[in-house]
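[1] Just the structure for this:
(one chain, ligands or ions: 1)
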Amino acid sequence: MSTLFSFDHDDHPSLRLSTASEGHPDEPAISISEDHDEPPSEDVLSKSYSERCLRDESVYEVALDEDFAASNAQEILGSRKVTKADFEQLKVIGRGAYGKVLLVRHKASRRLYAMKVLKKASLFLKIKHAEHTKAERQILEDLKHPFIVQLYYAFQTDDRLYLILEFASGGELFTHMAAERMFSEEVASFYLAELILALEHLHSLGIVYRDLKPENCLLDSDGHVVLTDFGLSKVAIEQKTNTVCGTVEYMAPEILMEQHYSKGVDWWSLGILLFEMIVGHTPFNAGNRKKTMDAILKKKLQVPYYVSSEAKDLCNKLLRKNPDVRLGSGEDDITRIKGHRFFRKIDWKAMEARQGTPPIVPILTDPELAENFDSKFTKEMPVESPIDIPSPLSASYSDFFQGFSYVAKHNHLDAFCN
Ligand SMILES: Nc1ncnc2c1ncn2[C@@H]1O[C@H](COP(=O)(O)OP(=O)(O)OP(=O)(O)O)[C@@H](O)[C@H]1O
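    Residues are numbered from 1 along each chain as shown. The predicted structure follows:
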């Protein structure tokens, strides 16, 4: 693998951050002065966003049909709608902010899936999050990639939304990392390469993932990366964001500053993951949310002496506070990321074809035991939590989720059934 660019000179732009902003004394404002030779980033995502708008789909109710004909699932052939009753709930495997994730078995085919259950009522109380959920469904429908979680079904009841997802039986990547405290740079380069391919695919669809963090990086049974949780993903829009939620540790300065952001935020988060993998902790964690945010915005990156020059260089370039000069921001910068000498041993074509050899093969004595998931979840009874908001929902709320039901196309199922 050849290195496409030389990184030997120090090409960091200068960056000044001021903490006073008009009308918002508590909110830091970013003021950037640059003397760099890289072109400003273009919003390469906006075209695909408008394309997506043009083919706006408003009806999603899809009956089960022969597209679902997995070879060993003959019983569910026909036009019957998939419902919760088609699945046996085996274990709780995780919790998100708006619901829980269960390991379920499809009764007819005996296949295992992850079922993400979201309480509609509580989502409606936070309408922005309801919008996220709708985006999640739409986004997943368009996606098919070896390192991105696959959606098989989506359906709803009066109270809840259900996503039937590929079950990533290897659990969270960082659980495995915690067992070893940190990864060697070679191991880290494998996981980062698979994540880069997943992000490249999302970006090509006009999607900024925005929420890249360890909990969302799962492993499949072979040990390949499965990027999950599209709750906060969104199609890139030329607008300011005003939502800063979730863990701040992995968030790019421009998100914290509530400024316009683009795909560069994902490359920042990737830089944080790289640092964490090879050093054992994130670079800007300062104990509490406020101090961590301050450090992300102002603190110079300190990379320990034992980190190789390649890894150090990549950290520095991905963790530039100014997104315009961050590696990955320009139109073809994915080529520069892939060509960076930290990835000199990666054969990208082989990786894309899932031919890389995973450094960790998860132990799976019986996938139904969900043994790679936290026992604080798996020991819970796999039942739904009560709905504490009166139901059924009002007509307008129901309308919001109209057409949520979704069945994956045949080829998606084929891939999963292999
Ligand atoms: N497809 C999957 N296969 C296996 N485990 C999963 C899957 N999806 C989620 N999980 C597990 O459930 C946990 C919670 O997932 P979820 O997507 O709800 O997380 P979250 O990021 O908190 O979500 P949200 O942002 O929507 O609140 C994950 O950290 C993971 O351990």
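
[2] can you list the residues of the protein near the ligand?
    The chain has residues 93-98, 101, 114, 116, 149, 165-168, 172, 215-216, 218, 228-229, 231-232 near the ligand, with proximity defined as Cβ under 6 Å from any ligand atom. Every C-beta, even on glycine, is put in place using the N, C-alpha and C of the backbone.

[3] Show me the helices in the stretch 301-418 of the chain, by range?
    Listed in chain order, the helices of the stretch 301-418 of the chain (DSSP state H, counting those that start in this stretch) span 309-318, 333-339, 348-352, 375-378, 395-400, 410-417.

[4] which parts of the lengthiest strand in the chain are buried?
    Counting residues, the longest strand in the chain under DSSP state E turns out to be strand 87-96. Neighbour counts over strand 87-96 (16 or more other Cβ atoms under 10 Å) mark Phe87, Gln89, Leu90, Lys91, Val92, Ile93, Gly94 as buried.

[5] And for stretch 258-270?
    Neighbour counts using 16+ other Cβ under 10 Å place Glu258, Tyr261, Ser262, Lys263, Gly264, Val265, Asp266, Trp267, Trp268, Ser269, Leu270 of stretch 258-270 among the buried residues.

[6] These in helices, which ones?
    Among these, the ones falling in helices (DSSP state H) are Gly264, Val265, Asp266, Trp267, Trp268, Ser269, Leu270.

[7] on that earlier part again, who touches the longest strand of the chain?
    Contacts with strand 87-96, where a contact means Cβ atoms under 8 Å, 6 or more residues apart in numbering, come from 100-107, 112-116, 164, 215, 229, 231, 368-370, 373-374, 377-378, 380-383.

[8] mind listing what that strand pairs with, with the direction of each?
    If you go by DSSP bridges, strand 87-96 pairs up with strand 99-106 (antiparallel).

[9] Give me every residue in contact with the helix or strand following the partner strand, excluding its own residues.
    Later in the chain than strand 99-106, the nearest helix or strand by DSSP states H and E is strand 112-119. If you take Cβ under 8 Å, 6+ apart as the criterion, strand 112-119 is touched by 87, 89-90, 93, 96, 98-106, 133, 149, 152, 159-169, 367-368, 384-385, 387, 389.

[10] Flag every buried residue along strand 112-119.
    For strand 112-119, by 16+ other Cβ under 10 Å, it's Leu112, Tyr113, Ala114, Met115, Lys116, Val117, Leu118, Lys119.

[11] can you redo those residues as TSV with pLDDT?
    Putting those into TSV (pLDDT from 0 to 100) gives the following:
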residue	pLDDT
Leu112	93
Tyr113	93
Ala114	93
Met115	92
Lys116	88
Val117	87
Leu118	80
Lys119	78
